[in-house]
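S.K.: Any chance you could fold what I've pasted below:
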Amino acid sequence: MAKPPRTEPRAAPLRLLHVHSSFDPGGKELRCVALINAFGPAVAHSIVSAVPGAMGAARHVARGIPVLRIGLPGLVGGPWPRRMEALARAMKGYDLILTYNWGAMNAVLAHTLFGKRHGLAPLIHHEDGFNSDEAAGLKPTRNWFRMLALARAQALVVPSRGLERIALDHWGQPPARVHRIANGVVTKAYAGKAARDALPRVIKHPGELWVGTFSGLRPVKHLTRLVRAFAALPEPWQLVIVGDGPDHDAIRAEAIRLDIGHRVHLPGFVANPAKVAGLFDLFALSSDSEQFPISVVEAMAAGLAVVSPAVGDIAEMVSAANRPFITPPGDEGALTAALADLAALPAERKRIGGENRARARAEYEFSDMVGRHAALYARAMGRAAFP
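M.R.: Residues are numbered from 1 along each chain as shown. Down below sits the predicted model:
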């Protein structure tokens, strides 16, 4: 009787713990999901949100990838030793711990204080920017807290040059710990035309021109400012703000106050911006705080000109031809003028959009972003490759 063929035992998946300030859909959360999907089923993920119930981005993890939604004690509240040790104890059993933004900083501190005692896996922290409470300036107490908490982190990942400078100058991080990895997208996915009914509840009609944006509807994004800047554009133009968030009603109210409610559209969150970006004729942001927004990379990959305040790395991200339309932060008049200028210049929009697309393909490709994260994660775990 023939012996059955010998099979090698299947290796258990690597186990990663992701600790987020929130896991509702936003730039950093959707980048995390994109990386999870790129790493595939060889990696199992446990995802934590410091905001209870804010787990909407988990819906976009691909089928077949093992994901658990879990809670951790002590993420919110004062960093008292007993609370920090309980948090450290709850992070046992993983191969790598990944933390994200200020809302996860208690987990970073717990790892620094008690990680060695409890045999915790290496920790890599990711910082992507600031909410409205730090948009106007860094808080010295938070700088000190980050400096202390990050003392034993394996690495700190930032997407922008601005955050890199902050990490070195204000958080006291050694250069070898700080890794700048630009956000990237699958640029070829943005090359095609979009169906005119690609958005829910909004159809692009012949003759319309769209100013579009992808953004969380949050105060720091100042989308009522964008509504006011858009109001001066002539009737064929429509403003389409794609995203969800607590400022929905305020944006709608501002549009109605300016008597342009019929030209301002809020279709909600869209899981695949590549299917929508081709509907836009011009892309705009109005935020007070960005670092390296994925939405700008998406707009560039779609061949769009960009109007935005010069926050974070945006002025460096776009092509040289686009930079005259990146305006001083907080200057609503300049934003309004830049939007009006580009709206009136279709040939210039096309030329700038083509240069932006070429730059996105050369600098911000998704595979490069995945490869750099994978290499960093592998080094942290002492592996030759990840996964």
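S.K.: hey, let's count contacts and neighbours off CA atoms from now on
M.R.: Fine.
S.K.: Could you tell me how far stretch 318-336 lies from the centre of the chain?
M.R.: Computed by C-alpha atoms, centre = their mean, to the nearest Å, the chain-centroid distance of stretch 318-336 equals 21 Å.
S.K.: Now do it: everything it contacts.
M.R.: Contacting residues not belonging to stretch 318-336 are listed as 225, 228-230, 232, 286, 288, 300, 305-311, 314-315, 338-339, 352, 355-356, 359 [C-alpha atoms under 8 Å, 6 or more residues apart in numbering].
S.K.: let's see it at 7 Å
M.R.: 225, 229-230, 288, 305-311, 315, 338, 352, 355-356, 359 (C-alpha atoms under 7 Å, 6 or more residues apart in numbering).
S.K.: So which of those residues belong to strands?
M.R.: Under the assignment DSSP state E, these contribute Val306, Val307, Ser308, Pro309 to strands.
S.K.: I figured Pro159 hits Asn183, correct?
M.R.: Yes. Contact criterion C-alpha atoms under 7 Å: Pro159 and Asn183 qualify, at 6.2 Å.
S.K.: Pop the domain breakdown of the chain in here.
M.R.: What automatic domain parsing lists as the domains of the chain is 14-184+366-381, 187-363.
S.K.: which residues do Pro159 and Asn183 both contact?
M.R.: Here Pro159 and Asn183 share the contacting residues Phe292, scored by C-alpha under 7 Å, 6+ apart.
S.K.: Just put the domains of the chain in CSV and tack on mean pLDDT and mean neighbour count.
M.R.: Below are the domains of the chain laid out as CSV (pLDDT from 0 to 100; neighbours: other C-alpha atoms under 10 Å):
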stretch, mean pLDDT, mean neighbour count
domain 14-184+366-381, 95, 18
domain 187-363, 96, 20
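S.K.: As a markdown table, the ones you listed with distance to Pro387 would be great.
M.R.: Formatted as a markdown table, these follow (distance: least, C-alpha to C-alpha, whole Å):
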| stretch | distance to Pro387 |
| --- | --- |
| domain 14-184+366-381 | 7 |
| domain 187-363 | 24 |
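S.K.: quick check, distance from stretch 345-361 to the centre of its chain.
M.R.: Worked out by C-alpha atoms, centre = their mean, stretch 345-361 lies 23 Å from the chain centre.
S.K.: swap in stretch 150-162?
M.R.: Computed by C-alpha atoms, centre = their mean, the chain-centroid distance of stretch 150-162 equals 16 Å.
S.K.: And stretch 333-350, by the same measure?
M.R.: For stretch 333-350, the distance to the chain centre is 26 Å (C-alpha atoms, centre = their mean).
S.K.: His126 and Ala88: what is the separation?
M.R.: 18 Å (C-alpha to C-alpha, to the nearest Å).
S.K.: With Leu75 instead?
M.R.: 10 Å.
S.K.: Leu156 and His179 touch, don't they?
M.R.: Yes. At 6.1 Å, Leu156 counts as touching His179 under the criterion of C-alpha under 7 Å.
S.K.: list the contacts for Arg69?
M.R.: Residues in contact with Arg69 (C-alpha under 7 Å, 6+ apart) are Ser46, Ile47, Val48.
S.K.: And it, how far from Pro324?
M.R.: 45 Å.
S.K.: same deal with Leu14?
M.R.: Taking C-alpha to C-alpha as the measure, Leu14 falls 47 Å from Pro324.
S.K.: measure Ala277 to Glu134 for me?
M.R.: Ala277 sits 30 Å away from Glu134, taking C-alpha to C-alpha as the criterion.
S.K.: could you pull out the strands for the chain?
M.R.: Under DSSP E, the chain gives strands at 14-20, 43-49, 67-69, 96-100, 123-126, 155-158, 178-180, 209-214, 237-242, 264-268, 282-284, 306-309, 326-327.
S.K.: So which of those strands is nearest Ala198?
M.R.: Smallest distance to Ala198 across these (C-alpha to C-alpha): 10.6 Å, for strand 264-268.
S.K.: Please identify the nearest residue in space to Ala198, excluding sequence neighbours.
M.R.: Val276 (6.0 Å; C-alpha to C-alpha, 6 or more residues apart in numbering).
S.K.: That neighbour: what's it in contact with?
M.R.: Contacts of Val276 (C-alpha under 7 Å, 6+ apart): Ala194, Ala198, Leu199.
S.K.: same thing with Pro25?
M.R.: For Pro25, the contact set (C-alpha under 7 Å, 6+ apart) comprises Gly56, Ala57.
S.K.: Next, give phi and psi for it.
M.R.: phi -60, psi 130 (degrees, to the nearest 10).
S.K.: so who does Leu339 touch?
M.R.: Contacts for Leu339 (C-alpha under 7 Å, 6+ apart) come out as Val307.
S.K.: and the gap between it and Ala284?
M.R.: Taken as C-alpha to C-alpha, the span from Leu339 to Ala284 is 8 Å.
S.K.: anything in contact with each of the two?
M.R.: Counting by C-alpha under 7 Å, 6+ apart, the common neighbours of Leu339 and Ala284 are Val307.
S.K.: and the longest helix anywhere in the chain, what does it pack onto?
M.R.: In the chain, with assignment by DSSP state H, the single longest helix is helix 346-363. In terms of contacts (3 or more C-alpha pairs under 7 Å, 6 or more residues apart in numbering; DSSP states H and E), helix 346-363 is packed against helix 294-301.
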